[in-house]
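A.B. asks: Sequence below, structure please.
(2 chains)
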Amino acid sequence: MIKAIALGNNFLLTAIASSFLCWLASLHFSLLHFVQALFALKLVISISAWILDDALVAILKISLMQLRFRLVASTIGALVGVGVMLCRS
Amino acid sequence: MSLLKVSVLSVSGLTLWLAPPFIFSRKIPLHNFMQGIALVSGFACCFEARRDALKLSKAEEFEALKEAAINADVVDEIAVSSYVSEQERRTEAELLLATDANRELLERALALSSEEEERENVRLAKNADAELRERILQLQARGYGKAKIILELWGVNKGGSAKYKAAEAEYKRLVGEE
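C.D. replies: Next up, the predicted model:
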C-alpha cells in the first residue's frame, strides 16, 4: 500500500514537473525553446537508457524490469503533464 | 498518522496540479502566476509525500525483518532445546551401555566362578573314581569276581539290563585305567 503511494507520487512528481515546464514555456518565447530542448534531451536520455539498459542495470544495481518500468513511467508522466497543460483553458 | 499525512499530501499535490489549469485563465497575469505557484506547491506536496512514504516503507520493512528475526530466534530456541534433549537421551543411552559393560564384566566373573566349580566337580569326580578303584581293589583282594563287585558297588545283578551294562562299562573303565 505505502509502496504504491510512493510510486504514485513518483509519477505525480514527473507529471507536475513537466506541467511546470510547460507553464514556463508559456511565459516567454525563449523559454519555450529552452523547454523544448529539455524535452528533447529527456527523449534522448530515455532512448539511450533503453538501448544501454544492460550497462545501466549494472551501474544502478536494479533489475531490468525496474529500469524499463521507470523509463515507461517517466515518459508517460511527462506526456500526461504536457497533456494537462495543453488541455487547459 | 503518517499514512494519513502521506495521503493528504498526495491528494493536495494532485489537486494543486490538476485544478488550477482548469480554474484559472492563462490570459490573466495574476491567474497565470497563481498557476505557477500551485504547480510548485503541488510538486512540493508530492515530494514530501513521496519522502514520507519511502520512510514508512522502510519502517515497515524493518518491522517485518524484526518479526522474522524474532520468529527465527524462536525456531532456533526450539531447535536448541530439542538438540539438548537429544544429547541428554544420548548420554543416558551411553550410561546404559556403560551399565551393560558392567553387566558383561559381572557375567564374565560369573563364568569364571562356574569354571572353578566345574574344576571342583571334576576333582570330586576324580576322587570318586579313585575311591571306587580302591574299593574294587579291596574286593578283588578278597577274591570277589566282576559280577559280585558290580553287585556290591552298583547294586545291579548280572544280566542284559541297561543298568548292568552301564555299571559294567564303568567297572571296565576303572579297571582298565589301572
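A.B. asks: Longest helix in chain B, please.
C.D. replies: The single longest helix within chain B, with elements called by DSSP state H, is helix B:29-141.
A.B. asks: interface residues of chain B facing chain A?
C.D. replies: By C-beta under 8 Å from any C-beta of the partner chain, the residues of chain B that approach chain A are B:3, B:6-7, B:10, B:13-14, B:17-18, B:21-22, B:25-26, B:32, B:35-36, B:39-40, B:42-43, B:46-47, B:49-50, B:53-54, B:56-57, B:60. Quick note: C-beta positions are derived from backbone N, CA and C, even for glycine.
A.B. asks: any idea which helix is longest in chain A?
C.D. replies: What stands out as the longest helix in chain A, according to DSSP H, is helix A:2-27.
A.B. asks: picking up where we left off before, could you identify the buried members of the residues of chain B next to chain A?
C.D. replies: In terms of neighbour count (16 or more other C-beta atoms under 10 Å in any protein chain shown), the buried residues within the residues of chain B next to chain A are B:6, B:10, B:13-14, B:17-18, B:21, B:26, B:32, B:35, B:39, B:42-43, B:46-47, B:49-50, B:53-54, B:56-57.
A.B. asks: Buried residues, the helix or strand bottoming out on mean pLDDT in chain A. List them.
C.D. replies: Least confident helix or strand of chain A, by mean pLDDT, DSSP states H and E, is helix A:53-60 with a mean of 84. Neighbour-count burial for helix A:53-60 flags A:Leu56, A:Val57 (criterion: 16+ other C-beta under 10 Å).
A.B. asks: Name the next helix or strand following it along the chain.
C.D. replies: Moving toward the C-terminus from helix A:53-60, the next helix or strand (DSSP states H and E) is helix A:64-87.
A.B. asks: how about that following helix: buried residues?
C.D. replies: Of the residues in helix A:64-87, those scored as buried under the neighbour-count criterion (16+ other C-beta under 10 Å) are A:Leu67, A:Arg70, A:Leu71, A:Ser74, A:Gly77, A:Ala78, A:Val80, A:Gly81, A:Val82, A:Val84, A:Met85.
A.B. asks: For these, give me a markdown table that also has pLDDT.
C.D. replies: Shown next, in a markdown table, are the buried residues of helix A:64-87 (pLDDT from 0 to 100):
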| residue | pLDDT |
| --- | --- |
| A:Leu67 | 88 |
| A:Arg70 | 89 |
| A:Leu71 | 90 |
| A:Ser74 | 90 |
| A:Gly77 | 90 |
| A:Ala78 | 90 |
| A:Val80 | 91 |
| A:Gly81 | 88 |
| A:Val82 | 88 |
| A:Val84 | 86 |
| A:Met85 | 83 |
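A.B. asks: sorry, back to before: helices or strands up against the longest helix of chain B?
C.D. replies: For helix B:29-141, the packing partners by 3 or more C-beta pairs under 8 Å, 6 or more residues apart in numbering or on different chains; DSSP states H and E come out as helix A:2-27, helix B:2-23, helix B:146-154, helix B:162-177.
A.B. asks: Out of the ones you listed, which is closest to B:Arg123?
C.D. replies: Evaluated over the helices and strands packed on helix B:29-141, closeness to B:Arg123 peaks at helix B:162-177, with 16.5 Å, by C-beta to C-beta.
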